[in-house]
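[1] Next come a sequence and a model predicted from it.
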Amino acid sequence: QVQLEESGGRLVQAGGSLRLSCAASGRTTYPYAMGWFRQAPGKDREFVAGINWGGNITYYKESVKGRFTISRDKASNTNYLQMNSLKPEDTAVYYCAAHYATFKWVGQGAHEYRDWGQGTQVTVSS
């Protein structure tokens, strides 16, 4: 099992930038993919971005392509979500997720990930 802790969420104005971090601990020597999901009030949790164990395969929700970048530093077991040109509709609780997986796998569904962080609030004001 991987334990995850997100950080970096805060209030930001539209057009601004934030970088979310997700620190992993526990059984991190096994290969695992990581993802970011978000959930706004009254809405379902949705996929935002994902990255494979090797860090060379990424997927993004269509509406964040070109604005968000996911990356990972395996040496520190940390995953990052750089968010630029933020919009009010990006407001949500952002969750980090992990799942033990083969080297090329990247999940895009919440049901595909076993381990989750507690979430960090991102609020974008207009």
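    Great, that's in hand.

[2] all strands for this protein, in order.
    Assigned strands in the chain, in chain order: 2-7, 11-13, 18-26, 32-39, 46-51, 58-60, 68-73, 78-83, 92-100, 115-116, 120-125 (criterion: DSSP state E).

[3] Which of the ones you listed has the highest mean neighbour count?
    The highest average neighbour count among these, using mean count of other Cβ atoms under 10 Å, belongs to strand 32-39 at a mean of 24. Bear in mind the C-beta positions are built from the backbone N, C-alpha and C, glycine included.

[4] Neighbouring strands of that strand in the sheet, and parallel or not?
    strand 46-51 (antiparallel), strand 92-100 (antiparallel) (DSSP bridges).

[5] List the contacts of that strand.
    2, 20, 22, 24, 45-53, 70, 72, 79, 81, 90, 92-101, 105-108, 110, 113, 119, 122 (Cβ atoms under 8 Å, 6 or more residues apart in numbering).

[6] Stretch 51-62 now?
    Residues from elsewhere that reach stretch 51-62, judged by Cβ under 8 Å, 6+ apart: 31-35, 46-50, 68, 70-72, 74, 79, 101-106, 108.

[7] Alpha carbons only: can I get it in PDB?
    Only the C-alpha atoms of stretch 51-62 are listed here, as PDB (Å, rounded to 0.1, in the frame of the first residue of the first chain):
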ATOM      1  CA  ILE A  51       1.500   9.500 -15.300                       C
ATOM      2  CA  ASN A  52       3.100   6.000 -15.600                       C
ATOM      3  CA  TRP A  53       5.800   4.600 -13.400                       C
ATOM      4  CA  GLY A  54       8.500   5.600 -15.800                       C
ATOM      5  CA  GLY A  55       7.300   9.200 -16.100                       C
ATOM      6  CA  ASN A  56       7.300   9.100 -19.900                       C
ATOM      7  CA  ILE A  57       3.600   8.500 -20.500                       C
ATOM      8  CA  THR A  58       1.000  11.100 -19.500                       C
ATOM      9  CA  TYR A  59      -2.700  11.600 -20.100                       C
ATOM     10  CA  TYR A  60      -4.900  14.700 -19.400                       C
ATOM     11  CA  LYS A  61      -8.500  15.700 -19.200                       C
ATOM     12  CA  GLU A  62      -9.200  17.500 -22.400                       C
END
